[in-house]
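Undergrad: any chance you could fold what I've pasted below:
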Amino acid sequence: MSRSGQSSSTYTRKLYFDPKADEPKGDGYWITDEELRDKLSNLVDVSENIDEVRYYSNPIYPWQVSNNHLHHAFIVFQTKKWWWSIEKNNEGVTIQRSKNQESVCDMYRRVNRTTGITSSTNITLVNKSSGCTKLNELINYLWRKDYLNQEYGVLSYNCQHFADLIFKRIAESKTLQELDVYFDSAADQPSGTSGMGFITVDELLSRVHDLSSSDEILVKIEIYKAPINSWQVMDALMYHLFVIFQTNEDTYWSIERWPTRFTMQRAKNKGILLTECERNPRPANWFTPVKVYQSANAKRMPLSAVMDFIWKKDKLNESYDSLSNNSKHFARSVYNQFQDGCQVK
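TA: Got it, this is the predicted structure:
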């Protein structure tokens, strides 16, 4: 279920991008997974909102009389300035951009899409919806889910599977509960200036990238221990762990996991991250204060490396489990990855 007009059957693990699919001549770009976010960000305006998304199908072979199960599926979406298509086949993933819809809907890599011998096997609009995301969030989603490296399969990971996921991500992103992150970009500032609230992981990746400069490097990493409830007098068994990074610009970032969400906060005043979470006091008392659990110099890496470690292929985003995949597991995994081996406690 892959035919879109291609002649190759070798899966490339690359994205093919045609930025001017409506022009008679134009050069496309081959982009690897490692290049995906930076290269596309330089080629397009990633801040554009996706206003509408459409799910299309067309037959695989010209002799078909039905489009029921044997069909290719692809997505077309619209931003303020462009029409786009995105699809997967046994070559890889293709994105096309055009000023008119026909060049991406009726054409694949400048060749007419396959149609059948009856009217029911034309290019068919299956579903459409308003968009709920930005272009950079879609790019982050493609990278995060590792779709370029994910091998094509006839019965699984095929064009239909890919189109289903992309359509859902664009149309329903704000209702995908597994992606929720509470983010506060200035936790030590008045709430009206911090842009705090729940966002998707894909939006978080873009906002952290924008907030942390290319010269901002991690210098220290700490795990802090806090009680679960304010009435606890012992924290030997029941406790919550969270991580705080310090950068060379004296900015502090906290990140932690809860049963239903992640929380990430940024501040110049580290004390706020210790005493408050999501603008509420942390549960602590004289017997069980918030205290340092582990501390070390950090590997000198940008904060984006932390984001990549956590969310590439949802590495640390498996289903929460109170015993085996909780705040302790999360904090220790991040700490072990980014401490440089030189303990400072």
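Undergrad: now the host helix or strand of residue 130: mean pLDDT?
TA: Taking DSSP states H and E as the criterion, residue 130 maps to strand 124-134. For strand 124-134, mean pLDDT is 93.
Undergrad: sheet partners, orientation included, of it?
TA: Strand 124-134 has the following strand partners under DSSP bridges: strand 49-59 (antiparallel).
Undergrad: show me how far the strand it pairs with is from its chain's centre.
TA: 20 Å (CA atoms, centre = their mean, to the nearest Å).
Undergrad: stretch 151-165 too?
TA: 19 Å.
Undergrad: and the contacts of it?
TA: 1-2, 4, 11, 55, 71-75, 87-90, 93, 145, 147, 150 (CB atoms under 8 Å, 6 or more residues apart in numbering). Any C-beta I mention is one placed from the backbone N, CA and C, and that applies to glycine too.
Undergrad: then the strand holding residue 130 to CSV, C-alphas only?
TA: The C-alpha trace of strand 124-134 is given here as CSV (Å, rounded to 0.1, in the frame of the first residue of the first chain):
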residue,chain,number,x,y,z
THR,A,124,-10.8,10.8,-2.7
LEU,A,125,-11.2,13.1,0.2
VAL,A,126,-11.8,10.8,3.2
ASN,A,127,-11.8,13.2,6.1
LYS,A,128,-11.0,16.8,7.0
SER,A,129,-10.7,18.9,10.1
SER,A,130,-9.4,22.2,11.4
GLY,A,131,-5.8,22.2,12.5
CYS,A,132,-4.7,22.5,16.1
THR,A,133,-0.9,22.8,15.8
LYS,A,134,1.9,24.7,14.3
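Undergrad: list the buried residues in that strand.
TA: 124, 131, 132, 133, 134 (16 or more other CB atoms under 10 Å).
Undergrad: now stretch 19-37
TA: Buried residues in stretch 19-37 (16+ other CB under 10 Å): 19, 20, 21, 22, 28, 31, 33, 35, 36, 37.
Undergrad: these: which two are farthest apart?
TA: By the measure CB to CB, the buried residues of stretch 19-37 have their two most distant members at 22 and 33, which lie 27.4 Å apart.
Undergrad: returning to that earlier point: if any of the contacts of stretch 151-165 are buried, put those into a PyMOL selection.
TA: Those of the contacts of stretch 151-165 that count as buried under 16+ other CB under 10 Å are selected in PyMOL with:
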select buried, resi 1+2+4+11+55+71+72+73+74+75+87+88+89+90+93+145+147+150
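Undergrad: on that earlier part again, tell me the one of the buried residues of stretch 19-37 nearest residue 331?
TA: Nearest to residue 331 among the buried residues of stretch 19-37, with distances taken as CB to CB, is residue 37, at 26.3 Å.
Undergrad: which element is the closest one on?
TA: Going by DSSP H and E, residue 37 is part of helix 36-43.
Undergrad: which elements pack onto that helix?
TA: strand 14-18, strand 29-32, helix 135-144 (3 or more CB pairs under 8 Å, 6 or more residues apart in numbering; DSSP states H and E).
Undergrad: tell me which of the ones you listed sits nearest to residue 107.
TA: Nearest of those (CB to CB): strand 14-18, 9.5 Å.
Undergrad: could you spell out the sheet neighbours of the closest one, each with its direction?
TA: strand 29-32 (antiparallel), strand 93-98 (parallel).
Undergrad: quick one: average pLDDT of that strand?
TA: 97.
Undergrad: got the domain ranges for the protein?
TA: 14-173, 178-343 (automatic domain parsing).
Undergrad: with just CA atoms, put the helix or strand containing residue 219 into CSV.
TA: Using DSSP H and E, residue 219 falls within strand 218-226. Extracted in CSV, the C-alpha atoms of strand 218-226 (Å, rounded to 0.1, in the frame of the first residue of the first chain):
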residue,chain,number,x,y,z
LEU,A,218,24.7,22.9,31.5
VAL,A,219,27.2,23.2,34.4
LYS,A,220,25.5,21.5,37.3
ILE,A,221,22.8,18.9,37.9
GLU,A,222,21.1,18.1,41.2
ILE,A,223,18.3,15.7,42.4
TYR,A,224,16.1,17.0,45.1
LYS,A,225,14.0,14.9,47.5
ALA,A,226,10.6,16.1,48.7
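Undergrad: which is the next helix or strand following it?
TA: strand 240-247.
Undergrad: just checking, what packs against that next one?
TA: strand 218-226, strand 252-257, helix 270-275, strand 291-298, helix 303-311, helix 327-338.
Undergrad: quick check, residue 150 in a helix?
TA: No - assessed with DSSP: H, G, I helix; E, B strand; the rest coil, residue 150 is coil; it does not lie in a helix.
Undergrad: quick one: contacts for it?
TA: Contacts of residue 150 by CB under 8 Å, 6+ apart are residue 157.
Undergrad: that older thread, just the contacts of stretch 151-165: which are in strands?
TA: Within these, residues falling in strands by DSSP state E are 55, 71, 72, 73, 74, 75, 87, 88, 93.
Undergrad: state the pair within those residues that is farthest apart.
TA: 71 and 93 (18.3 Å).
Undergrad: isn't residue 85 right next to residue 72, touching?
TA: No - taking contacts as CB atoms under 8 Å, residue 85 lies outside contact range of residue 72: 11.8 Å.
Undergrad: tell me how many other residues surround residue 270.
TA: Neighbour count for residue 270, taken as other CB atoms under 10 Å: 16.
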